[in-house]
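Visitor: this is a predicted model, with the sequence first.
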Amino acid sequence: MSNPTVADAPQRGFFGHPRALSTLFFTEMWERFSYYAMRGILALYLYTAVVDGGLGLPETTATSLVSAYGASVYLTGVAGGWLADRLFGARRAVFWGGVLIMFGHIAMAVPGGLATTGIGLVLIIAGTGLLKPNVSKMVGDLYTEQDQRRDSGFSIFYMGINLGGFAGPLIAGLLQSEIGFHWGFGAAAVGMALGLVQYVLGKGNLSSLSEVPANPLPAEHKSGVLGRAGGIAAVFVIGVIALLGTGVIGLGGLVNLVSVISAVLPIVYFAVMLSSKQITRVERDRLVAYIPLFLATALFFLLFEQQASTLVIVTDMQTSNQIFGWEFPVSWFQSVNSFTIIVLAPVFAALWLKLGDRQPSTAMKFVGGLVIVGLGFLWVVLSGFVTNSEGKQFALMVALVFVILTIGELMLSPVGLSVTTKLAPAVFASQTMGLYFLAPAMGQGIGAQVVKLYDQDNQTLYFGVIGLATIVCGGLLALSSSKIKKLMHGVP
């Protein structure tokens, strides 16, 4: 049975697009609101002293946990895509993912210490893995491959992501600073609840969109596959809980486990795909060309996602959060990324169109992303030398760090998604998209170990070495660009 698209539903009504796009737009907007609202204050909550409403964890533990959390979100996205394709259908996966996310934020809104925080994070990780990849798939299902509105539809959808990402830290941060952390987490729960309400109310717009699995398991195999998958998942979860409960591994051990999984899983994926007899020689060459681009993406996100870890410490403890005498919540720095994307994404899109055949190659765009994110870390070093009378960095100087990182994101991230679809072997098309999302997982998983090296006393050395090393890696990728282009066999 083919998976129905919204071609059967009303086709116009939301800026000339199918009305279902409005439902998905606001679902994702509220989900990203909740995600970035919580993430904006998570590190602060973890390392703030108990008497001040936090958990009082060491800063290195807090930053490692935030990175491991980010890696886990991307790792579960692979499983969430598989469950939707083979069992639930994307439509149900998005709903139940939202439910899990909402309850996760509710758990974090309850002042229960590390226990409720852990439960909340696990629920959010599982829910995001179900919702995030599948709501994007549903947007794709709105259009046929020949529909010229497709790219425009994704651009509108992407705007919803960034509107939520912009507003979330502003509201949660204000509540956290004025009332307390748990009110900020509660705001995230309310945001996801609003997303679920409008998703349910908009089901008429969705019609039969993504209601059935795209590639359902045969009925005779379903129970066996589910039994094995459920058994493996149960053994893993029970094993981790037992190890944590008995003290065999602590939070550090859990972080290490996530780091190992995030590093090993992509290697296994590449090994399986490269050894397959179902791919042609050209497809194998293209997959080999994809490896350095994948590693560049992982390195990029290792730096980029420190916005929610080490850079939180910089903005919280070393930066003046005053502009013209007005003091704003520290988490508001987390909104700079989304605001910059809203402003600059159309500029980059127009730039690539204007350059046409003269635009840089795919590999050189990756080089640009790495160099710029490396420069962002060097800007942290520079801003540390420009301080006010109290010895604190200026807010606008530090805000520019987030702007620079976002420019790097616009150079690399959209191009990474695009080239993944172009270089994917035909028999592994869907799995290669899942593989792409393992790159930020790997970056943050390894980053969970790297951030342990950060200390306020060695801050200049930390950001300087990582920034310079990343720029050097960008240079090595530039030197390899001609070889990569040759292996891509004509893919632009």
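Guide: Perfect, thanks for sending it.

Visitor: just checking, residue 162 touches residue 340?
Guide: No. Contact criterion C-beta atoms under 8 Å: residue 162 and residue 340 do not qualify, at 9.0 Å. Heads up, the C-betas are built off the backbone N, CA and C, glycines and all.

Visitor: quick one, domains of the protein?
Guide: According to automatic domain parsing, the chain comprises the domains 10-216, 264-492.

Visitor: just those: most buried one?
Guide: For the domains of the chain, the largest average neighbour count (mean count of other C-beta atoms under 10 Å) is found in domain 10-216, namely a mean of 21.

Visitor: now the residue nearest to residue 441 when sequence neighbours are not counted: how far from residue 21?
Guide: The shortest distance from residue 441 to any non-neighbouring residue, by C-beta to C-beta, 6 or more residues apart in numbering, is to residue 74 (3.6 Å). Using C-beta to C-beta, to the nearest Å, we find residue 74 at a distance of 25 Å from residue 21.

Visitor: now do residue 218
Guide: For residue 218, the distance to residue 21 (C-beta to C-beta) stands at 33 Å.

Visitor: same question for residue 92.
Guide: Applying C-beta to C-beta to residue 92 and residue 21 gives a distance of 19 Å.

Visitor: can you show me the strands along the chain?
Guide: Taking DSSP state E, the strands of the chain run over residues 322-323, 326-327.

Visitor: the last one - contacts with which helices or strands?
Guide: Put plainly, it is strand 326-327. In terms of contacts (3 or more C-beta pairs under 8 Å, 6 or more residues apart in numbering; DSSP states H and E), strand 326-327 is not packed against any helix or strand.

Visitor: what lines up beside it in the sheet?
Guide: Strand 326-327 sits in its sheet next to strand 322-323 (antiparallel), going by DSSP bridges.

Visitor: list the contacts for the closest residue to residue 286 other than its chain neighbours?
Guide: Nearest residue to residue 286 in three dimensions, chain neighbours excluded: residue 423, at 4.3 Å (C-beta to C-beta, 6+ apart). When contacts are counted by C-beta atoms under 8 Å, 6 or more residues apart in numbering, residue 423 touches 286, 287, 289, 290, 432, 488, 491.

Visitor: mind listing what the residue sitting furthest away from the middle of the chain touches?
Guide: Farthest-out residue of the chain from its mean C-alpha position, per C-alpha atoms, centre = their mean: residue 389, at 37.6 Å. By C-beta under 8 Å, 6+ apart, the contact list for residue 389 is empty.

Visitor: quick check, nearest of the contacts of residue 423 to residue 108?
Guide: Nearest to residue 108 among the contacts of residue 423: residue 432, at 34.1 Å, using C-beta to C-beta.

Visitor: where does that closest one sit relative to residue 81, distance-wise?
Guide: 12 Å.

Visitor: the stretch 201-350 of the chain: helices as residue ranges?
Guide: Ranges of helices in the stretch 201-350 of the chain, per DSSP state H, counting those that start in this stretch, are 203-206, 219-245, 251-275, 281-304, 310-317, 336-355.

Visitor: nearest to residue 183, out of those?
Guide: helix 310-317 (18.2 Å).

Visitor: just the angle between that closest one and helix 281-304, please?
Guide: Put simply, helix 310-317 runs at 20 degrees to helix 281-304, going by axes from the mean of the first three to the mean of the last three C-alpha atoms, to 10 degrees.

Visitor: helix 310-317 - contacts with which helices or strands?
Guide: With 3+ C-beta pairs under 8 Å, 6+ apart as the test, helix 310-317 has helix 20-47, helix 59-83, helix 395-423 packed against it.

Visitor: now the ones you listed in TSV, with mean pLDDT?
Guide: Below are those laid out as TSV (pLDDT from 0 to 100):
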stretch	mean pLDDT
helix 20-47	93
helix 59-83	89
helix 395-423	88
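
Visitor: spit out the contact partners of the residue lying closest to residue 83 once chain neighbours are set aside.
Guide: Leaving out its chain neighbours, the residue that sits closest to residue 83 by C-beta to C-beta, 6+ apart is residue 93, at 6.2 Å. Counting by C-beta under 8 Å, 6+ apart, residue 93 touches 80, 83, 84, 130, 131, 134.

Visitor: which non-adjacent residue is nearest the fourth one?
Guide: This means residue 130. residue 97 (3.1 Å).

Visitor: read off the pLDDT value for the one you found.
Guide: Note on residue 97: pLDDT of 94.

Visitor: make 61 the starting number, not 1.
Guide: Understood, numbering begins at 61; the last thing we discussed is residue 157.

Visitor: any idea how far it is from residue 146?
Guide: 16 Å.

Visitor: repeat for residue 245
Guide: 33 Å.

Visitor: just checking, what packs against the lowest-mean-pLDDT helix or strand in the chain?
Guide: Ranked by mean pLDDT, DSSP states H and E, the weakest helix or strand in the chain is helix 279-305, scoring a mean of 72. With contacts taken as 3+ C-beta pairs under 8 Å, 6+ apart, helix 279-305 sits against helix 311-335.

Visitor: what is the helix it packs on packed up against?
Guide: With contacts taken as 3+ C-beta pairs under 8 Å, 6+ apart, helix 311-335 sits against helix 119-143, helix 279-305, helix 341-364, helix 489-510.

Visitor: and of those helices, who's closest to residue 327?
Guide: Evaluated over the helices and strands packed on helix 311-335, closeness to residue 327 peaks at helix 489-510, with 9.3 Å, by C-beta to C-beta.

Visitor: so the closest one versus helix 119-143, what angle?
Guide: Using the same axes, to 10 degrees: helix 489-510 against helix 119-143 is 170 degrees.

Visitor: C-alpha coordinates for helix 489-510, PDB please?
Guide: The C-alpha coordinates for helix 489-510 follow below in PDB (Å, rounded to 0.1, in the frame of the first residue of the first chain):
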ATOM      1  CA  ALA A 489      18.600   6.400   0.400                       C
ATOM      2  CA  SER A 490      16.600   6.700   3.600                       C
ATOM      3  CA  GLN A 491      19.300   5.200   5.800                       C
ATOM      4  CA  THR A 492      21.900   7.600   4.400                       C
ATOM      5  CA  MET A 493      19.700  10.500   5.700                       C
ATOM      6  CA  GLY A 494      19.600   8.800   9.000                       C
ATOM      7  CA  LEU A 495      23.400   8.500   8.800                       C
ATOM      8  CA  TYR A 496      23.700  12.300   8.200                       C
ATOM      9  CA  PHE A 497      22.000  12.900  11.600                       C
ATOM     10  CA  LEU A 498      24.600  10.700  13.200                       C
ATOM     11  CA  ALA A 499      27.200  13.400  12.400                       C
ATOM     12  CA  PRO A 500      25.900  15.900  14.900                       C
ATOM     13  CA  ALA A 501      25.400  13.000  17.300                       C
ATOM     14  CA  MET A 502      29.100  12.000  16.900                       C
ATOM     15  CA  GLY A 503      30.200  15.700  17.200                       C
ATOM     16  CA  GLN A 504      28.300  16.200  20.500                       C
ATOM     17  CA  GLY A 505      29.200  12.700  21.800                       C
ATOM     18  CA  ILE A 506      32.900  13.400  21.300                       C
ATOM     19  CA  GLY A 507      32.300  16.900  22.500                       C
ATOM     20  CA  ALA A 508      31.000  15.500  25.800                       C
ATOM     21  CA  GLN A 509      34.600  14.400  26.400                       C
ATOM     22  CA  VAL A 510      36.200  17.500  25.000                       C
END
